[in-house]
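Asks: got a predicted model here, sequence first, then my questions.
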Amino acid sequence: MTIITILGFLLIIIGLWGMLTRKHLFRMILGFSIIDTGIHLIIVSLGYIKGRTAPIFDSDLSTFDAVHKIVDPIPSALVLTAIVIGLAVTALMLVYVVQMKRQKGSLDISDYEELKW
Amino acid sequence: MIKRFFSLFFVILLIFVFMPLVKDIKPLSELGVTSQKYAKDGAKELGAANLVTSVVVTYRGLDTLGEVTVLFITTAGIGFLLRKRSTGKNKKRKASEILKSGTSFLLPLIVLFGVYIFTHGHLTPGGGFQGGVVIASAIVLLLLSDINLHTDHNILNWLESLSGGFYIILGLLGLLLAGGFLDNRFLPLGKFGEIFSAGAIPIIYSLIGLKVGAELVGIISKLGREE
């Protein structure tokens, strides 16, 4: 349990709160982005080992003792890909918002009542 | 009001769901089995100084291919949704002189930096995705200052398709000439830590960088036309 992990969960909760309570479409997307960032923080913090260094070999980090000197490279690789996917999905959502605005001329979620029950 | 209460209730419930999860997480003290194998043999096997790059491009190369596919599908979706030009008038404020001169000075430097990042992805922190995003950020600057430099969509589409196709071809070459799909060892590994090393990793990462850059530039210029 590190401080970064807790921070990540906190960001998820803040983002979800934003998505649930805001009415403006852009702000809901912002909430999604905050959740995304929280998930990335959690994954990175799970692979972190205290006092170790980044998994890049150079004059200070030889390949022989790497096992005891580097942090886990797999979560970093995962997050690396997740960030780009998050960016693309956010862009797609923004384009949906552009289309919704074109159809109805409103950015407020309460003006869209088709799926309401 | 009642809605807000429900959201509060839901969020508090979520906190209670997360609580035991957070408590049970123990800080890692040793690498996992897979990571240990990567750390021990990764540099010797693939010849890349950046271990994250060898995981992304070679060990988990298929995942990266899937991710590039997701990116492609999103771009296709955005192109499909924004195929009609918006009818509203474009009321943009004119860019200031400072922004214009700054852009024309910085633009080539930013693009060069992006290319540097994705060609050195196997040596330093960086790689195709980051380099592509840096190149796309240069185009944002170009759109903000309305310098009339048309981004030709045909060239962008060709660049994207060609780099995607060559990425697959390189993967198949790895299957034919080396150990498996996206194996980088069909080219000589070279001297450890130099730019022409690590077999096909720099080439694959450059192709990914070009593809990501072209896709993001496409997304941004399509969104930039909207108002």
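Replies: Nice, thanks for sending it over.

Asks: list the contacts for the spatially closest residue to A:S76 that is not a sequence neighbour?
Replies: Leaving aside its chain neighbours, A:S76 sits nearest to B:V52 (4.9 Å; criterion: C-beta to C-beta, 6 or more residues apart in numbering or on different chains). Every C-beta, even on glycine, is put in place using the N, C-alpha and C of the backbone. By C-beta atoms under 8 Å, 6 or more residues apart in numbering or on different chains, the contact list for B:V52 reads A:55-56, A:73, A:76-77, A:80, B:125, B:127.

Asks: so, low pLDDT: which residues of chain A?
Replies: For chain A, the stretches flagged by pLDDT under 70 are A:1, A:63, A:116-117.

Asks: scan it for its longest helix.
Replies: helix A:73-104 (DSSP state H).

Asks: can you give me the buried ones in it?
Replies: Neighbour counts over helix A:73-104 (16 or more other C-beta atoms under 10 Å in any protein chain shown) mark A:73-95, A:98, A:100 as buried.

Asks: which non-adjacent residue is nearest the residue sitting nearest the centre point of chain A?
Replies: Taking C-alpha atoms, centre = their mean, the centroid of chain A lies closest to A:D36, which sits 2.0 Å from it. Take A:D36 and drop its neighbours on the chain: the residue closest to it by C-beta to C-beta, 6+ apart is A:G86, 4.4 Å away.

Asks: report the separation between the residue nearest to the centre of chain A and B:I155.
Replies: Distance, A:D36 to B:I155, using C-beta to C-beta, to the nearest Å: 32 Å.

Asks: then A:L107?
Replies: Counting by C-beta to C-beta, the separation of A:L107 from B:I155 is 34 Å.

Asks: and for B:V68?
Replies: B:V68 is 19 Å from B:I155, where distance means C-beta to C-beta.

Asks: what do you get for B:T53?
Replies: From B:T53 across to B:I155, the span is 28 Å (C-beta to C-beta).

Asks: so those two - more neighbours on which side?
Replies: Between B:T53 and B:I155, counting by other C-beta atoms under 10 Å in any protein chain shown, B:T53 is the more crowded of the two (31 against 10).

Asks: report pLDDT for that one.
Replies: Looking at B:T53, its pLDDT is 83.

Asks: assess the claim that it and B:G121 are in contact.
Replies: Yes: contact criterion C-beta atoms under 8 Å: B:T53 and B:G121 qualify, at 5.3 Å.

Asks: give me the common contacts of the two.
Replies: Common neighbours of B:T53 and B:G121 (C-beta under 8 Å, 6+ apart) are B:127, B:201, B:205.

Asks: nearest residue to the first one in space, please, no chain neighbours.
Replies: Yep, that's B:G127 we're talking about. B:G121 (3.4 Å).

Asks: dump the residue contacts of that neighbour.
Replies: Applying C-beta under 8 Å, 6+ apart, we find B:G121 in contact with B:50, B:53, B:57, B:127-128, B:130-131, B:201-202, B:205, B:209.

Asks: if we go to 10 Å?
Replies: B:48, B:50, B:52-53, B:56-57, B:127-131, B:198, B:201-202, B:204-206, B:208-209 (C-beta atoms under 10 Å, 6 or more residues apart in numbering or on different chains).
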